[in-house]
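# Fold the stuff below for me.
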Amino acid sequence: MVSLTSLKYFSVAAEELNFTRAAKRLFISQQALSTHISKLEEYYGIKLFDRGAPLTLTEAGRALQAHTKSIFRSVDDYAREVQDIKNFRQGELTIGIPVTRGTIMLPPLLSAFHQMFPQVTLHLVEKSGTAGLVRELYDGTVDLFIGYQPEDTGDLAVVPLFEEQFVVLVPNRMLKEYFGGSGRPEAGKGPVLLEYFSRLPFVAQNPGTMGGEVFQTICRGAGIQPQVVVSTQNLITEVSLCMEGLGACVVPLTFLSPDRRLSDYGSTPLFSEEGLNRLTVFPLDSGQVGTFQISVCRLRNKMLTQAGREFIRLAREIYGDVPKNDRSPQFHSGPRR
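Have a look, this model is predicted:
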């Protein structure tokens, strides 16, 4: 029978590739270390080290080293899970989210979570787009993130929340200037195609941002080359400039009109009603836009704490079409496109 102690001693020796240094790290004698290594080699019936100068791992030793890392990671995860089960209402949770989306989505969500779990400390990592959040997830900086579902989910477990809807905002005075009384698109008559507005100047987010990439994707789908008069990093700046009449813009509906379901959670719109009254809102045809799924993503092979699971349940309750008594997040992999 192989003991965890022997595997631990082997793991340190494999890292050091020097029995003397490994023994010092383990606070045991070199002879005791050699005995444990010999027992492992006897048990498996194969040499784990080439005992030349320098000491190296055999192919079997390299394979065992990979497995021991996985074993001790599982042991550590189990210890954390047991501690979490014993007292899950305490601890920490780190959440990643794009900056502007956090402004609209997090206040109701974090307020509700804090009321339920006041002893859990929340940390926020805010980035300009999904790509940075994926890197933070793999680096272990965040436990989960909310944002556009990546095309390549890879090792991610994904909980869909909702599909983003996009609208074209057009300054009222620009409608009169460019369309006059003829050929003018009518609001409230259903989704429109972006090419109706191809003659208009646009305010847009920079191509390096997620909002900018989405805008360019929609324009390519519509077969138009937009005349961008101002580009910005910030969606709030984009809409504010649109309100001032500098150009039309394409934005997610979420940022203009928080979901009616959020009224129970005290959600506050980003923009004033007075400012929005200067604009006409045209929903874009979803067939032209495509699907942009807002999801909660985490690493599939990393233990998620009870606090993390409760956070996801609450996010689905507030933002997803999920009954409030459904407390079990359903993870799936693969983009929903």
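
# Name whatever forms a beta bridge with the residue nearest the centre of the chain.
In the chain, the centroid-proximal residue (Cα atoms, centre = their mean) is residue 145; its distance is 3.0 Å. Residues in a beta bridge with residue 145, per DSSP bridges, are residue 96, residue 297.

# what ranges do the strands span in the stretch 201-337 of the chain?
Ranges of strands in the stretch 201-337 of the chain, per DSSP state E, counting those that start in this stretch, are 201-205, 227-232, 249-252, 279-283, 293-299.

# what's the lowest-mean-pLDDT helix or strand in the chain packed up against?
When each helix and strand of the chain is scored by mean pLDDT, DSSP states H and E, helix 273-276 comes last, with a mean of 74. Secondary-structure packing of helix 273-276 (3 or more Cβ pairs under 8 Å, 6 or more residues apart in numbering; DSSP states H and E): helix 235-243. Yep, even glycine has a C-beta here, placed from its N, CA and C like the rest.

# any idea of the angle the helix it packs on forms with strand 279-283?
Put simply, helix 235-243 runs at 120 degrees to strand 279-283, going by axes from the mean of the first three to the mean of the last three Cα atoms, to 10 degrees.

# Now helix 235-243 - C-alpha only, CSV.
Extracted in CSV, the C-alpha atoms of helix 235-243 (Å, rounded to 0.1, in the frame of the first residue of the first chain):
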residue,chain,number,x,y,z
LEU,A,235,-20.1,52.9,-23.0
ILE,A,236,-21.4,55.7,-20.7
THR,A,237,-19.4,58.2,-22.6
GLU,A,238,-20.7,56.7,-25.9
VAL,A,239,-24.3,57.1,-24.9
SER,A,240,-23.8,60.5,-23.4
LEU,A,241,-22.3,61.8,-26.7
CYS,A,242,-25.2,60.2,-28.6
MET,A,243,-27.6,62.2,-26.3
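
# how far does that helix sit from the chain's center?
Here helix 235-243 is found 25 Å from its chain centre; the criterion is Cα atoms, centre = their mean, to the nearest Å.

# which residues are contacting it?
The contact list for helix 235-243, computed with Cβ atoms under 8 Å, 6 or more residues apart in numbering, reads 100, 103, 169, 171, 203-205, 211, 230, 232, 247-249, 251, 255-256, 270-271, 275-276, 278-279.

# before we move on, the earlier item: of the strands of the stretch 201-337 of the chain, which is nearest residue 162?
Ranking the strands of the stretch 201-337 of the chain by proximity to residue 162 (Cβ to Cβ) places strand 293-299 first, at 5.5 Å.

# Using PDB, write down the CA coordinates of that closest one.
Taking C-alpha atoms only, strand 293-299 is exported to PDB below (Å, rounded to 0.1, in the frame of the first residue of the first chain):
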ATOM      1  CA  GLN A 293     -24.800  35.100 -24.300                       C
ATOM      2  CA  ILE A 294     -24.200  36.700 -20.900                       C
ATOM      3  CA  SER A 295     -23.100  33.900 -18.500                       C
ATOM      4  CA  VAL A 296     -21.300  33.100 -15.300                       C
ATOM      5  CA  CYS A 297     -18.100  31.200 -16.000                       C
ATOM      6  CA  ARG A 298     -15.700  29.300 -13.700                       C
ATOM      7  CA  LEU A 299     -13.000  26.700 -14.100                       C
END
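
# helices and strands around that strand, which ones?
With contacts taken as 3+ Cβ pairs under 8 Å, 6+ apart, strand 293-299 sits against helix 130-139, strand 144-148, strand 156-163, helix 306-319.
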